[in-house]
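A.B. asks: What follows is a predicted protein model with its sequence.
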Amino acid sequence: MINTLNIQAQNAITPTTVPAMASFLEGSWQGEGEFTNGRKIAAKATFHLSLDSCWLSYTHEDRLPNTYKALSMWSIDRSKPSFSATIFDNFRGNRTFVGINTNPDLIILSRKDETKPQQTFERFRYMLIDKNHFQMSYERSLDGQSWKTIDTLLFKRE
């Protein structure tokens, strides 16, 4: 009796699984900006491709007096043809956002939060300014149509 074993490798995911802007974002950045009330904010952001370029790993650390820190992983969701990002933060948050990347110079990560009494929406916007700058904004909405900016930072490549 002869037994044969048929082994198949998983299909490789190419580096194009993250938006084209990912290669631009790779590296370390320093950002400064403000909340809508005028209070200043500063942060460090670091992006790098990981796991055979299938994921973009992103760390965000606010500078004091702000204390927000986050690690997020961005990639294409294999179960559906959409870009997604999962963000883990020091406030014990774990949120998954769906990405919109119709413009090569803009990534929008958005989600609907149904855990609160009133449904809310939130999104992050990452916009390329030039080869050494990008702008990140955090926004909220009650209806998913009218957005209120919470804070905006302009990042400069280190």
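C.D. replies: Thanks, I have the structure now. Numbering: from 1, shown residues only.
A.B. asks: And the helix or strand harbouring His60, what's buried?
C.D. replies: Secondary structure assigned from DSSP states H and E places His60 in strand 55-62. By 16 or more other CB atoms under 10 Å, the buried positions in strand 55-62 come out as 55-56, 58, 60-62. In this view, the C-beta of every residue, glycine as well, is placed from N, C-alpha and C.
A.B. asks: just stretch 112-122 next, same as before
C.D. replies: 120-122.
A.B. asks: Ends of stretch 100-120, what's the gap?
C.D. replies: 18 Å (CA to CA, to the nearest Å).
A.B. asks: Could I get the average pLDDT for it?
C.D. replies: The average pLDDT for stretch 100-120 rounds to 82.
A.B. asks: Other residues contacting that stretch?
C.D. replies: Stretch 100-120 is contacted by residues 19-21, 74, 83, 85, 95-99, 121-128, 140-142, 144 when judged by CB atoms under 8 Å, 6 or more residues apart in numbering.
A.B. asks: Mind pulling the model confidence for Ala9?
C.D. replies: Ala9 is given a pLDDT of 41.
A.B. asks: which other helices and strands contact the strand holding His60?
C.D. replies: Where contact means 3 or more CB pairs under 8 Å, 6 or more residues apart in numbering; DSSP states H and E, strand 55-62 is packed against helix 21-25, strand 40-50, strand 69-77.
A.B. asks: and the ones you listed as a markdown table, adding mean neighbour count, mean pLDDT and distance to Gln135?
C.D. replies: Below are those laid out as a markdown table (neighbours: other CB atoms under 10 Å; pLDDT from 0 to 100; distance: least, CB to CB, whole Å):
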| stretch | mean neighbour count | mean pLDDT | distance to Gln135 |
| --- | --- | --- | --- |
| helix 21-25 | 19 | 80 | 12 |
| strand 40-50 | 17 | 95 | 12 |
| strand 69-77 | 18 | 87 | 17 |
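A.B. asks: got the contact list for the nearest residue to Phe24 once chain neighbours are set aside?
C.D. replies: In space, not counting the residues next to it along the chain, Phe24 is nearest to Leu128; the distance is 6.1 Å by CB to CB, 6 or more residues apart in numbering. By CB under 8 Å, 6+ apart, the residues touching Leu128 are 21, 24, 105-106, 134.
A.B. asks: No further questions, thank you.
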